[in-house]
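A.B. asks: what follows is a predicted protein model with its sequence.
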Amino acid sequence: FFFSLTVVLSTVLHSRKTRFCQTMVRCSLFDLKSLSIAAALGAIAVKVINPFLNDWIAPPVELSKDAHSTPYDPEKSTDIMEYPDMGFVREGQQVELNMGLTFILQQSFPRWFVTLLQRYEARNSNSNEIQMKRDYESKNVNILDARQRDYLKFDEAGFALLDMSDFNFSSVVNWRSQQDIKLFQSALEAKLRKELFPQATRIVFTYSVVRGGSQFGDQPAAINAPHLDYSQNDTARHEFHQSWPPFDYKYNKEQHILMGTAPTDEDEVLSVLLGIWKPIYMNNPVCDHPLAVMDGRTFHQNQEVPHPIHINFGIFTFHNLNGGVKYNESQKWYYYPFQKEEEVLVFTQYTKDDYFCTPHGSFENPNCPDDYDTRVSVEMRAAVFVKKL
């Protein structure tokens, strides 16, 4: 980063011969050599200081030995039975979540900086930790291997795993680029039309995000927190956005699509909003933090709680009405163990004029090889429009 910044600055200063440089007594300070030396010293300082500050301010936590640290057993069943850590909304609780800058910075900034920021945010707002204990409860759930359940069909359960091995994934150079990812989205649209939505008049992909990566803008994985990205309650959504109006359609397609304020043809109507999820930048299939999805047939309206969230991104705050999930013993959870890069999980975020959706959330797989990469994934959503009847 420092070296790249050096090259850019030096090129600008020398090619344009700015007045600033011309009026400096010692303009040579701004030549490539001097800036390179300064940048190198800065990079070395950061390299040395960061580990020291990490150990001093935010020493790594020694994890206790539990079920999540047992040696990998390749013969063990891929069904996860009595998983204890899924957090559901307590009966009778009305939940609201405010997320500070740590949400967007914790993947890419040094551990010591994130720790200090967390302390500052905790001192200046209600503690999310206290709120979590009050509003949520952990329940044991079985998370079954969907690969072994051939009876799971998309039009019944609300989710499916698509094989896209015929797509050249190396053509997507940068999965964080909203432009580069269009190659993948175009191929996926053809697959969706052919296998799941032959009646679609239009499929609109929205903003994508990387989870689990280490670059600026990457978001953390949502572990042990089953949720809906959007509440199924249209009335509650309209009331929510009276207080928190959506951003312009260019920057926030999903909320406008769900509100009915997005540009559409007169003869078409929204059918469903899909979730799209797949691993990226990994040397192995996903193991440690796979995505679990609920069979949509086992989730009902009385098990959802409107869940406002407010995320501070520094230069703006994003407001959305998510859906919290209450536990019910009849709910059925599934996942696809060892999901590969060419496998794309498609699930139902929202269905228009019908209460049908698939709550989802990542979890900690207790049986993984030690040398496997931690999960990095890309997710996006796709609105499927159909002809108006």
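C.D. replies: Happy to help now that I have it. Numbers count the residues shown, from 1 in each chain.
A.B. asks: run a quick check on residue 171 versus residue 186, I expect a contact.
C.D. replies: No. Between residue 171 and residue 186 there is no contact, the gap being 10.5 Å when judged by C-beta atoms under 8 Å. The C-beta positions use only the backbone N, C-alpha and C, and glycine is treated the same way.
A.B. asks: the residue nearest to residue 387 when sequence neighbours are not counted in helix, strand or coil?
C.D. replies: In space, and not counting its chain neighbours, residue 387 is closest to residue 201: 5.5 Å by C-beta to C-beta, 6 or more residues apart in numbering. Under DSSP: H, G, I helix; E, B strand; the rest coil, the three-state class of residue 201 is strand.
A.B. asks: same deal with the one 3 residues further on?
C.D. replies: Using three-state DSSP, the structure places residue 204 in strand.
A.B. asks: what about it, distance to residue 319?
C.D. replies: Here the criterion is C-beta to C-beta, to the nearest Å. By it, residue 204 lies 22 Å from residue 319.
A.B. asks: what residue ranges in the stretch 51-200 of the chain score low on pLDDT?
C.D. replies: Low-confidence segments of the stretch 51-200 of the chain (pLDDT under 70): 61-69, 124-132.
A.B. asks: please repeat the previous calculation with a cut-off of 90.
C.D. replies: For the stretch 51-200 of the chain, applying pLDDT under 90 flags the ranges 51-71, 93-95, 97-135.
A.B. asks: show me the strands in it, by range?
C.D. replies: Using DSSP state E, counting those that start in this stretch, the strands found in the stretch 51-200 of the chain span residues 80-89, 97-99, 136-145, 159-163, 200-205.
A.B. asks: buried stuff in the third one?
C.D. replies: Applying a neighbour-count criterion of 16 or more other C-beta atoms under 10 Å, one finds 136-137, 139, 141, 143-144 buried in strand 136-145.
A.B. asks: residues near residue 301, how many?
C.D. replies: 9 (other C-beta atoms under 10 Å).
A.B. asks: one more: residue 288?
C.D. replies: 20.
A.B. asks: what of residue 103?
C.D. replies: 15.
A.B. asks: any chance of the strands of the stretch 51-200 of the chain in TSV with distance to residue 367 as columns?
C.D. replies: Below are these laid out as TSV (distance: least, C-beta to C-beta, whole Å):
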stretch	distance to residue 367
strand 80-89	8
strand 97-99	31
strand 136-145	12
strand 159-163	20
strand 200-205	34
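A.B. asks: closest one to residue 192 among those?
C.D. replies: strand 200-205 (6.1 Å; C-beta to C-beta).
A.B. asks: residues contacting the residue nearest to residue 387?
C.D. replies: By C-beta atoms under 8 Å, 6 or more residues apart in numbering, the residues touching residue 201 are 265, 268, 385-387.
A.B. asks: how close does the closest residue to residue 88 other than its chain neighbours sit to residue 180?
C.D. replies: Spatially, and ignoring its direct neighbours in sequence, residue 88 is nearest to residue 327 (3.9 Å; C-beta to C-beta, 6+ apart). Computed as C-beta to C-beta, the residue 327 to residue 180 distance reads 40 Å.
A.B. asks: with residue 195 instead?
C.D. replies: 24 Å.
A.B. asks: cool, and residue 150?
C.D. replies: Taking C-beta to C-beta, one finds residue 150 at 35 Å from residue 180.
A.B. asks: tell me how many other residues surround the residue nearest to residue 88.
C.D. replies: 19.
A.B. asks: swap in the one 10 residues further on?
C.D. replies: If you count neighbours by other C-beta under 10 Å, residue 337 ends up with 19.
A.B. asks: all further residue positions should be reported with the first residue as 39.
C.D. replies: All right, first residue 39 from here; so that's residue 375.
A.B. asks: got the phi/psi numbers for it?
C.D. replies: Per-residue torsions, residue 375: phi -60, psi 140 (degrees, to the nearest 10).
A.B. asks: hmm, it is touching residue 183, no?
C.D. replies: Yes. Residue 375 is within contact range of residue 183, at 5.7 Å (criterion: C-beta under 8 Å).
A.B. asks: now do the shared contacts for these two.
C.D. replies: Common contacts of residue 375 and residue 183 (C-beta under 8 Å, 6+ apart): residue 116.
A.B. asks: identify the farthest-apart pair in the contacts of residue 239.
C.D. replies: The most widely separated members of these, counting by C-beta to C-beta, are 303 and 424 (11.1 Å).
A.B. asks: ok, those two, which is more surrounded?
C.D. replies: Shown here are residue 303 and residue 424; by other C-beta under 10 Å, residue 424 has more neighbours (16 against 11).
A.B. asks: just to revisit the earlier point, who's in contact with the residue nearest to residue 126?
C.D. replies: 126, 175, 177, 179, 341.
A.B. asks: tabulate these (CSV), appending distance to residue 288.
C.D. replies: Putting the contacts of residue 365 into CSV (distance: C-beta to C-beta, whole Å) gives the following:
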residue, distance to residue 288
126, 36
175, 40
177, 40
179, 39
341, 35
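A.B. asks: tell me the one of those residues nearest residue 286?
C.D. replies: For these, the nearest to residue 286 is residue 341 (33.6 Å; C-beta to C-beta).
A.B. asks: the closest one reaches residue 363, doesn't it?
C.D. replies: Yes. Counting by C-beta under 8 Å, residue 341 touches residue 363, with 6.5 Å between them.
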